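Visitor: make a model of this:
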Amino acid sequence: MRRALVGHSVATAYEMAWSQLDNGALLKAADAQFDLLVTTDQNLRHQHNLAGYRLAILILPITSWPKIRANQEKVVTAVEASKPGDVMEMSF
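Guide: From the prediction side, this is the model:
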C-alpha cells in the first residue's frame, strides 16, 4: 500500500516500534502522530470507544495482501475521502 499512497507518510506499527502495544495504547500513539490508521482488526470498533479520537480509522475486511492489492484503488479512495474522527469499514 505504501507505493499506492503517494503523497502520504506511511509507517507500520512495527516500524514505529508499536507492535507490542495493545489496541488502546496503539490508538493513543497513532492519534498523537497520524491522521489515519489502517487496520484489519474487525473487532476494533467493538472493543474500544472510538469517539473522541481525531484519528480517522479505516478497517479493511481481510488480511490477504493479494486481495488487498487487487482492491488498492478502493483503499486509496477511502484514504483520500477520510476526515478526522471517521471510522470506515470497507468491504470487497
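Visitor: in a helix, Leu58, correct?
Guide: No. Counting by DSSP: H, G, I helix; E, B strand; the rest coil, Leu58 is not found in a helix; it is strand.
Visitor: so how many other residues sit close to it?
Guide: 19 (other CB atoms under 10 Å). In short, each C-beta sits where N, CA and C put it, glycine included.
Visitor: what sits against it?
Guide: Leu36, Leu37, Val38, Thr39, Val75, Ala78, Val79, Ser82, Met88, Met90 (CB atoms under 8 Å, 6 or more residues apart in numbering).
Visitor: which residue is the nearest non-sequential neighbour of Gln33?
Guide: Met16 (7.8 Å; CB to CB, 6 or more residues apart in numbering).
Visitor: surely that neighbour touches Ala29?
Guide: Yes. When contacts are counted by CB atoms under 8 Å, Met16 is listed as touching Ala29 (7.3 Å).
Visitor: between those two, which is the more surrounded one?
Guide: Neighbours were counted for Met16 and for Ala29 using other CB under 10 Å; Ala29 has more, 17 against 14.
Visitor: remind me which helix or strand that one belongs to.
Guide: helix 23-33 (DSSP states H and E).
Visitor: quick one: mean pLDDT for that helix?
Guide: Helix 23-33 comes out with an average pLDDT of 95.
Visitor: just stretch 44-60 next, same as before
Guide: The average pLDDT within stretch 44-60 is 93.
Visitor: show the end-to-end separation of it, please.
Guide: 11 Å (CA to CA, to the nearest Å).
Visitor: how close does the residue positioned nearest the centre of the chain get to Ala56?
Guide: Geometric centre of the chain, nearest residue: Val38, 1.2 Å, by CA atoms, centre = their mean. Distance from Val38 to Ala56, counting by CB to CB, to the nearest Å: 9 Å.
Visitor: what pLDDT is listed against the residue nearest to Gln33?
Guide: So Met16 comes in at 97 (pLDDT).
Visitor: also the one 4 residues further on?
Guide: On the pLDDT scale, Gln20 is placed at 94.
Visitor: fine by me, thanks again.
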